[in-house]
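Peer 1: Here's my sequence, what's the structure:
(chains A and B)
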Number of protein chains: 2
Amino acid sequence: MEAGRRIERVLDIAVAHAEAPGAPPRLAEAIRYAVFPGGHRIRPRLCLAVAAACGDDDPAASDAAAAAIELLHCASLVHDDLPCFDDAPMRRQKPSVHVAFGEPLAVLTGDALIVLGFETLARGTARSPQRLGALLGLVARAVGSPAGIVAGQAWESEPEVALSNYQQAKTGALFAAATVAGAAAAGVSPLPWRLLGECLGEAYQVADDLRDVACRQEEIGKPAGRDATLGRPNAALLLGMGGALERLKRLAREAIEVIPACPGAEALRAEIAAQTRLFLPASLAQEALV
Amino acid sequence: MEAGRRIERVLDIAVAHAEAPGAPPRLAEAIRYAVFPGGHRIRPRLCLAVAAACGDDDPAASDAAAAAIELLHCASLVHDDLPCFDDAPMRRQKPSVHVAFGEPLAVLTGDALIVLGFETLARGTARSPQRLGALLGLVARAVGSPAGIVAGQAWESEPEVALSNYQQAKTGALFAAATVAGAAAAGVSPLPWRLLGECLGEAYQVADDLRDVACRQEEIGKPAGRDATLGRPNAALLLGMGGALERLKRLAREAIEVIPACPGAEALRAEIAAQTRLFLPASLAQEALV
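Peer 2: I've put the predicted structure just below:
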């Protein structure tokens, strides 16, 4: 099955568990609304691509890893959009969850998605139970404290922020989780795969900064220019558009260079090149990655 | 080691992981603040008591189950206290997390505690990795959607609420998780242990309703009379104090009767009797459980 369809299918099955009989109907609706329709599903695609490169000997386990990572990403979007953080009215071209369902259900939807992410890992590793501990640890590390996306968001509440800690935790950690969890799901030692994820996470952060500065709301599905408004660090503001595009190109090249030796290395290189092109909207991508 | 000390120790180790170098200092502080000092630790005590009754052949696994359940309980308290839910100024005799640290860090503290709960399960099952999947599934079921504490809280956002769904999810689920996870951590089939947890969860809910109606803020560490103020169902308001005390007595007796056959059944019966006496403050307990 093609990766995109495979991801939507496994996410649909995971969300269906949360909607089972007895669920509060509006919570169930809000959970589905937060997950579908998705963005480019970059993180789960990356996870499946690494699993495939490593042999993908238990597709249910790699499906679960990919779905868990996307569910946790969706959870972070729902909570980051809350009034006490970004107070974002739009996400993925539609009203954000707290605008559509109210703040209480937005908090609970994020919570439920975190739980569902871990639950999905357990369900998907029935055939390879000995892989669950490593997968859970790798995914939890990318999400919690001290260095996951929750910690990344928490740096915004500190009087002083180490910029690299902030970006590594807020964006890099989940990309790194996508590569290491893809390897672990396929029964391969995860550690050598971390650097690829970190490179791609940094590249994605630079691309996100470029989008924030250069694009209109309609192109990115959320308000543009938020970093300047909120006083947040932004590579395109720091380095200029040209400098940031150069950096993005360099990181995309580096990512391809650091792919560990594996049965499917060649296909993975092509896949990574294609994925990094998706980091930017068409108008910027031509310029950036030629 | 005595159960109370054992629980504080394992919670301390779990929280220390979230405070590791690189953590945002205020997030780390808020996580510790949300977990210590605790309440009666009723759920983890119950979990350890069941594990002991079942042989407790891997104490690290039962420690992890008990800690995970308490961390997830603490997470739910932090989020339930938020302005968009109960807007509670006090919890466990001190300002609630959002009052002490602000709303953004309160949201993130709850998130981090959910992640830490699952992470703790993975860390504690290194010796019995084949038990992790069941433990994770049992704990996740008690927390997420359709029937865990998140769903319980979400029923407050529905136009119509099935009272039994609401209370079973909001309070009963985590008690049931404490008993089934205690059994699963000791390598014993968890299903026969669910009824004990459900009885105790219902008993605890009635006791909580009694506390809300009959006690002063100083005794329960949070504002009294909230259920009437917020229009929430309350057994003491529905049945009267006498009726609610009768129901609590009956449930405490039933709990002891439904304990499955196991090596440590006798000690467990005594432990359950002692624990249910802790459900009420001294002033009410004399009356209720003589």
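Peer 1: what's the following helix or strand after the helix or strand hosting A:Leu237?
Peer 2: Per DSSP states H and E, A:Leu237 falls inside helix A:235-257. Sequence order places helix A:265-277 as the next helix or strand after helix A:235-257, per DSSP H and E.
Peer 1: In that following helix, which residues are buried?
Peer 2: A:Leu268, A:Glu271, A:Ile272, A:Gln275, A:Thr276 (16 or more other C-beta atoms under 10 Å in any protein chain shown). To be clear about C-beta, it is placed using only N, CA and C from the backbone, and glycine gets the same treatment.
Peer 1: now do stretch A:157-167
Peer 2: A:Ser157, A:Asn165, A:Tyr166, A:Gln167.
Peer 1: Equivalent analysis for stretch A:194-201, please.
Peer 2: For stretch A:194-201, using 16+ other C-beta under 10 Å, the buried residues are A:Arg194, A:Leu195, A:Leu196, A:Gly197, A:Glu198, A:Cys199, A:Leu200, A:Gly201.
Peer 1: again, but for stretch A:95-115
Peer 2: Buried-residue list, stretch A:95-115, by 16+ other C-beta under 10 Å: A:96-99, A:101, A:103-115.
Peer 1: circling back to that earlier point, tabulate the buried residues of stretch A:157-167 (JSON lines), appending distance to chain B.
Peer 2: Formatted as JSON lines, the buried residues of stretch A:157-167 follow (distance: C-beta to the nearest C-beta, whole Å):
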{"residue": "A:Ser157", "distance to chain B": "5"}
{"residue": "A:Asn165", "distance to chain B": "6"}
{"residue": "A:Tyr166", "distance to chain B": "9"}
{"residue": "A:Gln167", "distance to chain B": "13"}
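Peer 1: Closest one to A:Arg45 out of the residues you listed, please.
Peer 2: Of all the buried residues of stretch A:157-167, A:Arg45 sits closest to A:Gln167, with 21.3 Å by C-beta to C-beta.
Peer 1: Which pLDDT value goes with that closest one?
Peer 2: Looking at A:Gln167, its pLDDT reads 84.
Peer 1: is it possible to export the buried residues of stretch A:194-201 to CSV including pLDDT, distance to chain B and secondary structure?
Peer 2: CSV is the format used below for the buried residues of stretch A:194-201 (pLDDT from 0 to 100; distance: C-beta to the nearest C-beta, whole Å; DSSP: H, G, I helix; E, B strand; the rest coil):
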residue, pLDDT, distance to chain B, secondary structure
A:Arg194, 97, 15, helix
A:Leu195, 97, 18, helix
A:Leu196, 98, 21, helix
A:Gly197, 97, 17, helix
A:Glu198, 95, 15, helix
A:Cys199, 95, 20, helix
A:Leu200, 97, 21, helix
A:Gly201, 95, 16, helix
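Peer 1: Show the contacting residues for the closest residue to A:Phe175 other than its chain neighbours.
Peer 2: In space, and not counting its chain neighbours, A:Phe175 is closest to A:Gly201: 3.3 Å by C-beta to C-beta, 6 or more residues apart in numbering or on different chains. Neighbouring residues of A:Gly201 by C-beta atoms under 8 Å, 6 or more residues apart in numbering or on different chains: A:Gln168, A:Thr171, A:Gly172, A:Ala173, A:Leu174, A:Phe175, A:Ala176.
Peer 1: secondary structure class for the last one?
Peer 2: In this case it means A:Ala176. helix (DSSP: H, G, I helix; E, B strand; the rest coil).
Peer 1: and the gap between the residue nearest to it when sequence neighbours are not counted and B:Leu135?
Peer 2: Closest residue to A:Ala176 apart from its sequence neighbours, by C-beta to C-beta, 6+ apart: A:Gly197 at 3.5 Å. The gap separating A:Gly197 from B:Leu135 is 28 Å, by C-beta to C-beta, to the nearest Å.
Peer 1: Same question for A:Gly117.
Peer 2: For A:Gly117, the distance to B:Leu135 - C-beta to C-beta - is 16 Å.
Peer 1: ok so, going back, and the average pLDDT for the helix holding A:Leu237 is what?
Peer 2: Rounded mean pLDDT across helix A:235-257 is 92.
Peer 1: Stretch A:279-290 now?
Peer 2: 66.
Peer 1: Endpoints of stretch A:145-157, how far apart?
Peer 2: Chord length of stretch A:145-157, first to last residue, is 14 Å (C-alpha to C-alpha, to the nearest Å).
Peer 1: State the mean pLDDT of that stretch.
Peer 2: 96.
Peer 1: Could you do stretch A:108-120 as well?
Peer 2: The model assigns stretch A:108-120 a mean pLDDT of 98.
Peer 1: Would you tell me whether that stretch gets close to chain B?
Peer 2: Yes. Stretch A:108-120 lies within reach of chain B by C-beta under 8 Å from any C-beta of the partner chain, at A:Leu108, A:Gly110, A:Asp111, A:Ala112, A:Ile114, A:Val115, A:Leu116, A:Phe118, A:Glu119.
Peer 1: Including secondary structure, could those go into a markdown table?
Peer 2: A markdown table is the format used below for the residues of stretch A:108-120 next to chain B (three-state DSSP):
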| residue | secondary structure |
| --- | --- |
| A:Leu108 | helix |
| A:Gly110 | helix |
| A:Asp111 | helix |
| A:Ala112 | helix |
| A:Ile114 | helix |
| A:Val115 | helix |
| A:Leu116 | helix |
| A:Phe118 | helix |
| A:Glu119 | helix |
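Peer 1: which other residues reach stretch A:139-151?
Peer 2: A:65, A:68-69, A:72-73, A:76, A:114, A:117-118, A:121, A:154, A:165, A:168-171, A:173-174, A:176-177, A:181, B:18-24, B:27-28, B:31, B:108, B:111-112, B:115-116, B:118-119, B:122.
Peer 1: Where does whichever residue of the stretch 151-290 of chain A sits closest to chain B sit, in terms of helix or strand?
Peer 2: Nearest residue of the stretch 151-290 of chain A to chain B: A:Ala154, at 3.8 Å (C-beta to the nearest C-beta). A:Ala154 is part of helix A:149-154 when elements are defined by DSSP H and E.
Peer 1: Show me which residues of that helix are buried.
Peer 2: A:Ile149, A:Val150, A:Ala151, A:Gly152, A:Gln153, A:Ala154.
Peer 1: quick one: which of these is nearest B:Asp227?
Peer 2: A:Val150 (31.7 Å).
Peer 1: just checking, A:Ala207 touches A:Arg277?
Peer 2: No. Using C-beta atoms under 8 Å, A:Ala207 is not in contact with A:Arg277, being 10.1 Å away.
Peer 1: any idea how far A:Arg6 is from A:Trp193?
Peer 2: According to C-beta to C-beta, A:Trp193 stands 20 Å off from A:Arg6.
Peer 1: So which of these two has more stuff around it?
Peer 2: A:Trp193 (26 against 18; other C-beta atoms under 10 Å in any protein chain shown).
Peer 1: pLDDT at that one, what is it?
Peer 2: pLDDT, A:Trp193: 98.
Peer 1: Settle this for me: it is touching A:Ala177, isn't it.
Peer 2: No. A:Trp193 sits out of contact with A:Ala177 when judged by C-beta under 8 Å, with a separation of 10.2 Å.
Peer 1: which stretch of helix or strand covers the residue nearest to A:Ser189 when sequence neighbours are not counted?
Peer 2: Distances taken as C-beta to C-beta, 6+ apart place A:Ala183 nearest to A:Ser189, at 6.9 Å, with adjacent residues excluded. Assigned by DSSP H and E, A:Ala183 belongs to helix A:173-185.
Peer 1: Using CSV, write out the CA atom coordinates for that helix.
Peer 2: What follows is helix A:173-185, C-alpha atoms only, in CSV (Å, rounded to 0.1, in the frame of the first residue of the first chain):
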residue,chain,number,x,y,z
ALA,A,173,12.7,15.8,18.9
LEU,A,174,9.7,14.5,17.0
PHE,A,175,11.6,14.2,13.7
ALA,A,176,14.3,12.3,15.5
ALA,A,177,11.6,10.1,17.0
ALA,A,178,10.3,9.4,13.5
THR,A,179,13.6,8.0,12.3
VAL,A,180,14.6,6.1,15.5
ALA,A,181,11.1,4.7,16.0
GLY,A,182,11.0,3.6,12.3
ALA,A,183,14.3,1.7,12.9
ALA,A,184,13.2,0.2,16.2
ALA,A,185,9.8,-0.9,14.8
